[in-house]
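Participant: Here is a sequence with its predicted model. Questions after.
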Amino acid sequence: MQRVEPRTVWMAQNEGPELWDLRLFWSWRWEAWFNASLKTLGELYNQSEGFHVIQTIYGCDLREDNVIQVFYQDSYDGRDFLSLDKETMTWVAADIGAQITKRRWDAEVDDNQGWKHYLEEYCRERLSQEIEYGKETLQRKVRPTARVSDRSSHDGLTTLSCKVSGFYPQDITVTWLRNGESRQQVTYSEGILPSGDGTYQTWVTMEIDPMIKAHYSCHVEHESLLEPLSVPWEPNNSLIPIVAGVIIAVVLVGVIIGVVVWKKRLPGKEPGMGGFPGLGGPCTHP
């Protein structure tokens, strides 16, 4: 659509079209820069065709200790390429191919000073202003909910899963405990993802041997909680009642059929023992 739009109410209410026009202008500049860079990197790595990706992330973070941290990093085809050393305002090359770009960018003193001004002054000012705009939303705390489940895995193992959802802010620690001890080194996480409603969600899984008796629980730490949330895993013991229910149902069906057959023959001649629907009779056949 070739335009930049605010995605939150508190930004739309506090900023006019000038900011969005400025960011659209820089989007066009980035588009031209990416196109030129893709061509240059294709020549640098001797790539005449195929699908290639440049990714750039830059900005400033407000940490929990109220320190604002600035950053800039480029990647090419999913691998680190260049990053900015903010202390020396020089570029750090991640591989041999990036050395050529590093030397050229290090020589661009004016451009580097421009990045220094942007990251350490403009970005900090914008971040502080936008936090003030959205403080009711950004500084809220929403408690997480946690649910544990299990499923059969390979070689007779069981996979335990802990889904934690509905929390804000994003930072959270979720670990599986066995008999009260962390098993973080053998757990797998999908990462922290947006839920679509302004909160976040995550999953943490772990494989266990169900034959080894132990107490497992999902341990959640989040700044909205006065104390950590702990949800125990209870082994699934529902198989035995289900099997017993099936057996009882089969017996009842047999009894009902027997009664129906017996009553059907009541009006006629009284049956002898040979016609009784008992052992060996037709009603016992599946």
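Facilitator: Received it, and whenever you're ready, just let me know what you need.
Participant: What count of nearby residues applies to residue 99?
Facilitator: By the measure other CB atoms under 10 Å, the count of residues near residue 99 is 13. The way it works is simple: take the backbone N, C-alpha and C, and place the C-beta from them, glycine included.
Participant: Residue 177 too?
Facilitator: 19.
Participant: give me every residue that touches it.
Facilitator: Residue 177 makes contact with 183, 216, 217, 218, 219, 230 under the criterion CB atoms under 8 Å, 6 or more residues apart in numbering.
Participant: one more time with 10 Å
Facilitator: Applying CB atoms under 10 Å, 6 or more residues apart in numbering to residue 177 gives the contacts 183, 184, 206, 214, 215, 216, 217, 218, 219, 230, 232, 233.
Participant: Tell me how far it lies from residue 186.
Facilitator: As for residue 177, its distance to residue 186 is 12 Å (criterion: CB to CB, to the nearest Å).
Participant: what do the two both touch?
Facilitator: Common neighbours of residue 177 and residue 186, using CB under 10 Å, 6+ apart, are residue 206.
Participant: how about the strands of the protein, start to end?
Facilitator: 54-62, 68-76, 79-85, 90-93, 145-152, 158-167, 173-178, 181-182, 187-194, 200-208, 216-221, 229-232 (DSSP state E).
Participant: List the buried residues of the first one.
Facilitator: In other words, strand 54-62. residue 60 (16 or more other CB atoms under 10 Å).
Participant: Which neighbouring elements make contact with that strand?
Facilitator: Packing partners of strand 54-62 (3 or more CB pairs under 10 Å, 6 or more residues apart in numbering; DSSP states H and E): helix 17-44, strand 68-76, strand 79-85, helix 123-133.
Participant: I'd like the mean pLDDT over the third one, please.
Facilitator: To tie it back to what came earlier, the one meant is strand 79-85. Averaged across strand 79-85, pLDDT comes to 95.
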